[in-house]
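# Sequence first, then the predicted structure:
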Amino acid sequence: MQKDNVKLKALKAAFPHTIPILAGFLFLGMTYGIYMNVLGFSFIYPLIMSITIFAGSMEFVAAEFLLGAFDPIKAFLMTLMINARHLFYGISMLDKYRGTGLKKPYLIFGMCDESFSINCTAEIPEDVDKGWFMFFVTLLNQIYWVSGAVLGGVFGSFIHFNTEGLDFVMTAMFVVIFLEQWLKSSDHKSELIGLGLSVLSLIIFGADGFIIPAMAGIFAVLTLMGASEGHKKAVKSF
């Protein structure tokens with residue numbers, strides 16, 4: 001009974017943080033489901049793919065792979081390029097996921113951009129279990145995406161509307177998350193570094209290739225800053 005209370009408390013704490021994701025994932029998931037329907041696939045395909053892959057951009061690309069010749073090397077390289085940013089996400093979450101026990105494999109599998117943003121920045125109440133909070137954030141976000149994909153796959157043949165511009169929902173959602181974090185923090189050093197390096201990478205590498213260099217630069221700078229601050233604290237304590 002006590003374990004159930006711990007889980008329920010974590011679920012209640014996690015759900016409000018995922019409400020913006022709910023709106024975005026339902027729309028984009030439905031777009032994906034409709035897209036699969038247009039390609040001739042039944043709703044079973046977006047259902048299984050959204051459960052087992054759970055990587056929005058890659059799921060759209062995987063749909064094209066299903067229609068082409070079998071080429072596992074190409075599929076592997078394409079997946080690596082599209083989702084390489086998760087390497088940096090994963091490294092930055094090593095401490096966060098430590099001590100989560102059996103929940104850790106699912107937290108690793110289900111870590112998308114949105115779950116990473118919430119689990120990385122959310123202020124978890126002291127009386128809420130951190131592991132279960134992150135687990136429910138991840139699970140709820142995947143449920144939203146799977147639900148949208150299935151709805152789009154089921155009703156895709158009956159719905160006819162222009163889906164152009166729906167992908168901007170995710171951009172708007174990240175802007176809201178960024179602004180919320182900006183307002184919560186008094187020190188904006190990390191945010192300004194992220195913005196500056198992203199703009200610089202965009203100028204140098206262009207819109208199609210700036211994400212990975214920007215993530216690598218941000219990770220390197222913040223790591224050096226963290227090491228420097230840790231050294232200063234050690235010197236002061238000594």
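Yes, it's here.
# Any buried residues in stretch 40-48, and which?
By neighbour count with 16 or more other CB atoms under 10 Å, stretch 40-48 contains the buried residues 41, 43, 45, 46, 47. Every C-beta, even on glycine, is put in place using the N, C-alpha and C of the backbone.
# ok, now stretch 67-86?
Neighbour-count burial for stretch 67-86, counted by 16+ other CB under 10 Å, picks out 78, 79, 82, 83, 86.
# could I get the residues you listed as CSV with pLDDT, distance to residue 107 and secondary structure?
Converted to CSV, the buried residues of stretch 67-86 look like this (pLDDT from 0 to 100; distance: CB to CB, whole Å; DSSP: H, G, I helix; E, B strand; the rest coil):
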residue, pLDDT, distance to residue 107, secondary structure
78, 73, 25, helix
79, 79, 20, helix
82, 72, 21, helix
83, 77, 16, coil
86, 81, 12, helix
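# Switch those over to JSON lines; also include distance to residue 149.
Shown next, in JSON lines, are those (distance: CB to CB, whole Å):
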{"residue": "78", "distance to residue 149": "20"}
{"residue": "79", "distance to residue 149": "18"}
{"residue": "82", "distance to residue 149": "18"}
{"residue": "83", "distance to residue 149": "18"}
{"residue": "86", "distance to residue 149": "20"}
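# quick check: domain ranges of the chain?
In terms of domains, the chain is parsed into 1-162, 177-238 (source: automatic domain parsing).
# ok so, going back, looking at the buried residues of stretch 67-86, which is nearest residue 211?
Within the buried residues of stretch 67-86, the smallest distance to residue 211 is 9.6 Å, found for residue 82 (CB to CB).
# dump the residue contacts of that closest one.
Residues in contact with residue 82, defined by CB atoms under 8 Å, 6 or more residues apart in numbering, are 55, 57, 58, 61.
# just to revisit the earlier point, take the buried residues of stretch 40-48 and keep only those in helices.
By the criterion of DSSP state H, membership of those in helices covers 45, 46, 47.
# before we move on, the earlier item: let me know the closest of the contacts of residue 82 to residue 131.
Among the contacts of residue 82, residue 55 lies closest to residue 131 (CB to CB), at 23.0 Å.
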